[in-house]
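Asker: fold the following and give me the result.
(chains A and B)
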2 protein chains.
Amino acid sequence: MTVELIPIPGIPAIVPGDDLSSILLGAMRRADIELRDADVVVVTHKVVSKAEGRIVEAADDAAYRSLVEDEAAEVIRRRGDLAITKTHHGFICANAGVDRSNTAEGTAVLLPVDPDRSAHRLCKELEAKTGTDVAVVVTDTFGRVWRRGLVDVAIGVSGLPAILDLRGMPDGEGRIMDVTEIALIDEIAAAADLVMGKADNIPAAVVRGLTARGDGRATDLVRAADEDLFR
Amino acid sequence: MTVELIPIPGIPAIVPGDDLSSILLGAMRRADIELRDADVVVVTHKVVSKAEGRIVEAADDAAYRSLVEDEAAEVIRRRGDLAITKTHHGFICANAGVDRSNTAEGTAVLLPVDPDRSAHRLCKELEAKTGTDVAVVVTDTFGRVWRRGLVDVAIGVSGLPAILDLRGMPDGEGRIMDVTEIALIDEIAAAADLVMGKADNIPAAVVRGLTARGDGRATDLVRAADEDLFR
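Answerer: Purely as a prediction, here's the structure:
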C-alpha cells in the first residue's frame, strides 16, 4: 500500500509553554490535513524542546562548549570543536544534541529531558483533541560513523514499536530470515525529513499508510555498551 | 508537497541475465503504476545483483565465511560469525554485504561490482523505454554502530545528488546553518523500505514527489579514512 509523506507547513515559531498539539492541529487545519487513525505525526525535537522550555543562553562558542559538557553523560571522541557524546538518554551524537540553528541569536536548544515521554504526551493530546488513534515520532538529525551526510533519526516515539522484528519469518524463498530487525522509527524519521526541510522551516509531517502499531520507546534503539564493537 | 512511497508488487524471482528494467516496467504496468518525470525508482541490490549474475555457491557456513573474506577489502572488527568489513567500494557493513536471505538454499548473493554503474544503466534503460526523466537508487540493509536495528541505505544512485548541501543557507530564523549536509539518498532508501518489506518480497518502489535532481554517486557517502574518528 502507498505511504504518503505530508508536510505540515505554516507552523509558527514556538515559545516555551506553547500548546504544541493545538498549534500542530491548527496548522494542519489551515493546510487541509485531517488527522486519521494510524497516521504518524513526526516532529523535530526542536519544536518539542522549545515548547518545553529547553532554550538556554549560549552567548558565544565558549558558552556553547560548556553547555555541551553539561548535557553530555560521556564524551567519546573529540576533534576540534566536534565532540561525539553520549547523552543522558543513551543516544550517541555530536555535541550532546545541543543546537544553535533555528533558534534566536545567543541561544541554544537542548534535547527534551525525556523525548519518549514528550512523544507520548503529544500523542495523547492529539488523540484526545481529534478522536483518532495516532502515533508520534520525535526526531533529531544525527551523523553516522562511516557515512558522510546526516539523516534524521527517532529520539522519541509513542504508538509504534521502535524495531520491527522479522526474525524467524520466512523470506521470499521460504527460508528463515536471520538479519531482520528493522529500525522502523528511524526509517520513518528519515522518510519524513524528505518533506520537512531544515531550510524551509517545516518542522512536522504526517506519515500516512503504515500499518505497524505498538508500544515502543526510542531508547530501545540504544545499543548496550557491551554489544558495541566501536567504543 | 506530499511525497508518495509506492510499492511495486509482483516482481518475479530474478535470474542472471534478466532484463531488470523490462521486468520492473511489466510489474508496474500490472500494478497500474505509470512512471513519471522526477520519479525515483528504488530497488534492493538483491535483484540487481541477481540480474547481473552475482550469485555464488555457499554450501555451508565455512564457504560463506570464505566468501566474506574474498569480498572484503578489509576486516575492521570481528565478533563471532560477524565481521564488520570495508567492501571494495568503500562501504563499511557486516559480512561484506554477502547475503544468504532471499536466495536459493546453498547460494549467496554478492553486492554489484559497481552499484553506481548498475543504477546508471537501469536509469537509462527505464528512461529510454518510457520517455521519462527519472532517478534510480540501489539499496542494501546496513546496521549502525550505535543504534540497534537495521536501516536501508543507498549503495548506488543515478540522477540524484548523494548529499543535499544546505550549508550556507539561512535557517528559519535567518541564521546561516552549519550542520546541514543531508544524506538525501540514504533518506530515500530508508523511506522506500517502509513499503518494500523483506518478508513481503517487494524489492522495489517508486518515490514520487521529490524535486531534487543531480548527478551524484553513492560512493560520495564514503567517509575518508582520515575523517573517521572510529577506525
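
Asker: can we go C-alpha only for contacts and neighbour counts from here?
Answerer: Noted.

Asker: ok, the lowest-mean-pLDDT helix or strand in chain A: who's next to it in the sheet?
Answerer: Least confident helix or strand, chain A: strand A:164-165 with a mean of 88, by mean pLDDT, DSSP states H and E. Sheet pairing of strand A:164-165 (DSSP bridges) gives strand A:181-182 (antiparallel).

Asker: and the partner strand, average pLDDT?
Answerer: Per-residue pLDDT over strand A:181-182 has a mean of 92.

Asker: who's in contact with that strand?
Answerer: A:163-167, B:149-151 (Cα atoms under 8 Å, 6 or more residues apart in numbering or on different chains).

Asker: let's see 10 Å
Answerer: With contacts defined as Cα atoms under 10 Å, 6 or more residues apart in numbering or on different chains, strand A:181-182 is touched by A:162-167, B:141-143, B:148-152, B:193-194, B:197-198.

Asker: touching chain B at all, stretch A:82-92?
Answerer: Yes - residues of stretch A:82-92 are located near chain B by Cα under 10 Å from any Cα of the partner chain, namely A:84, A:86, A:90-92.

Asker: check contacts around the spatially closest residue to A:F91 that is not a sequence neighbour.
Answerer: With sequence-adjacent residues excluded and distances taken as Cα to Cα, 6 or more residues apart in numbering or on different chains, A:F91 is closest to A:V222, at 6.3 Å. By Cα under 10 Å, 6+ apart, A:V222 lies in contact with A:89-92, A:155, B:146-149.

Asker: give me the distance between A:A104 and chain B.
Answerer: Taking Cα to the nearest Cα, to the nearest Å as the measure, A:A104 falls 7 Å from chain B.

Asker: tally of neighbours for that residue?
Answerer: 15 (other Cα atoms under 10 Å in any protein chain shown).

Asker: same question, the one 10 residues further on
Answerer: The number of residues packed near A:D114 is 14, by other Cα under 10 Å.

Asker: now it: closest residue in space that isn't a chain neighbour?
Answerer: A:H89 (7.4 Å).

Asker: that's a strand at that neighbour, yeah?
Answerer: No - read with DSSP: H, G, I helix; E, B strand; the rest coil, A:H89 is coil and lies in no strand.

Asker: before we move on, the earlier item: hey, what's the residue nearest to A:F91 bridged with?
Answerer: The partner residues for A:V222, given DSSP bridges, come to B:R147.

Asker: ranges for the helices of chain A?
Answerer: Taking DSSP state H as the test, the helices found in chain A are A:20-30, A:45-51, A:61-71, A:115-130, A:184-196.

Asker: need the CA coordinates for the third one. CSV is fine.
Answerer: Backbone C-alpha positions of helix A:61-71 (Å, rounded to 0.1, in the frame of the first residue of the first chain) are rendered in CSV as follows:
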residue,chain,number,x,y,z
ASP,A,61,31.4,29.5,21.5
ALA,A,62,32.8,29.0,24.9
ALA,A,63,29.3,29.1,26.5
TYR,A,64,28.2,26.6,23.9
ARG,A,65,31.0,24.2,24.6
SER,A,66,30.3,24.4,28.2
LEU,A,67,26.6,23.6,27.6
VAL,A,68,27.7,20.5,25.6
GLU,A,69,29.9,19.3,28.5
ASP,A,70,26.9,19.8,30.8
GLU,A,71,24.5,17.9,28.6
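
Asker: and it, which residues are buried?
Answerer: Neighbour counts over helix A:61-71 (16 or more other Cα atoms under 10 Å in any protein chain shown) mark A:64-65, A:67-69, A:71 as buried.

Asker: that helix: how far from the chain's middle?
Answerer: Offset of helix A:61-71 from its chain centre (Cα atoms, centre = their mean, to the nearest Å): 22 Å.

Asker: and chain B, is it touching that?
Answerer: No - contact of helix A:61-71 with chain B (Cα under 10 Å from any Cα) is absent, the minimum separation being 13.5 Å.

Asker: which residues does that helix contact?
Answerer: A:56-58, A:75, A:81-83, A:85-88, A:94-100, A:106-108, A:110-111.

Asker: hmm, try it at 6 Å
Answerer: Contacts to helix A:61-71, defined as Cα atoms under 6 Å, 6 or more residues apart in numbering or on different chains, come from residues A:58, A:95-96.
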